[in-house]
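**Q** Sequence first, then the predicted structure, then my questions.
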Amino acid sequence: MIYKDLKERDLAKIEVLGKQYSSETGLTLKTDSIKTVEASKEKQAIVIGITADYRPDFITLSALRKNYTNVQSDRVIFQIEDKIIQDDPNTVYVDISNIMTIFVSPVKFIGDLDDLYMVTLKVRNEKNMKDMNTIRIR
């Protein structure tokens with residue numbers, strides 16, 4: 001098994017409204033409000049153009065934990081859709097206006113850590129809306 005230092009990862013940045021964010025921020029943008037996507041070698045970022053009526057409400061994952069959950073612990077694993085976020089939660093921004101649900105679950109299987117949590121964010125999109133409206137009979 002090979003473990004790579006997170007600092008060595010070379011992930012693309014995205015730019016929205018003139019400001020750069022980590023690539024994970026793009027996971028929470030409203031896809032139907034994205035007008036253009038272009039790679040800029042000059043800015044070393046993927047520049048995302050959005051519609052005039054869309055104003056993302058960006059918040060860090062740390063602020064989201066404090067403001068929208070009752071988790072007091074700083075030991076949190078964040079997940080957006082199916083992607084585990086491996087960056088510092090103080091530097092990863094999400095569009096809180098496009099988050100449909102926030103699931104919080106304690107992680108009990110790692111040694112004697114009592115205060116480890118998984119916070120999973122589901123984005124408001126067509127697939128998730130359909131899944132949310134599906135009635136499951138067991």
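**A** Structure's in. What do you need?
**Q** other SSEs contacting the helix or strand hosting residue 120?
**A** Residue 120 belongs to strand 117-123 when assigned by DSSP states H and E. Packing partners of strand 117-123 (3 or more C-beta pairs under 8 Å, 6 or more residues apart in numbering; DSSP states H and E): helix 61-68, strand 76-80, strand 99-106. In this view, the C-beta of every residue, glycine as well, is placed from N, C-alpha and C.
**Q** hmm, try it at 6 Å
**A** Strand 117-123 makes packing contacts with strand 76-80, strand 99-106 when contacts are defined by 3 or more C-beta pairs under 6 Å, 6 or more residues apart in numbering; DSSP states H and E.
**Q** what are the ranges of the strands in this protein?
**A** 13-16, 19-22, 34-40, 45-50, 58-60, 76-80, 83-84, 93-95, 99-106, 117-123 (DSSP state E).
**Q** buried stuff in the last one?
**A** In terms of neighbour count (16 or more other C-beta atoms under 10 Å), strand 117-123 has its buried residues at 117, 119, 120, 121, 122, 123.
**Q** In a markdown table: those residues, plus pLDDT.
**A** Below are the buried residues of strand 117-123 laid out as a markdown table (pLDDT from 0 to 100):
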| residue | pLDDT |
| --- | --- |
| 117 | 90 |
| 119 | 94 |
| 120 | 93 |
| 121 | 93 |
| 122 | 91 |
| 123 | 91 |
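**Q** Tell me the bridge partners for residue 104.
**A** Taking DSSP bridges as the rule, residue 104 bridges to residue 119.
**Q** how close does it get to residue 133?
**A** Distance of residue 104 to residue 133, computed by C-beta to C-beta, to the nearest Å: 22 Å.
**Q** Between the two, point out the one with more neighbours.
**A** Each of residue 104 and residue 133 has its neighbours counted (other C-beta atoms under 10 Å); residue 104 has more, 14 against 7.
**Q** among the strands of the chain, which is nearest residue 28?
**A** Proximity to residue 28, assessed across those by C-beta to C-beta, is greatest for strand 93-95 (4.3 Å).
**Q** Pick the most deeply packed of the helices and strands packed on strand 117-123.
**A** Burial of the helices and strands packed on strand 117-123 is given as mean neighbour count (mean count of other C-beta atoms under 10 Å); strand 76-80 ranks first at a mean of 19.
**Q** That'll do, ta.
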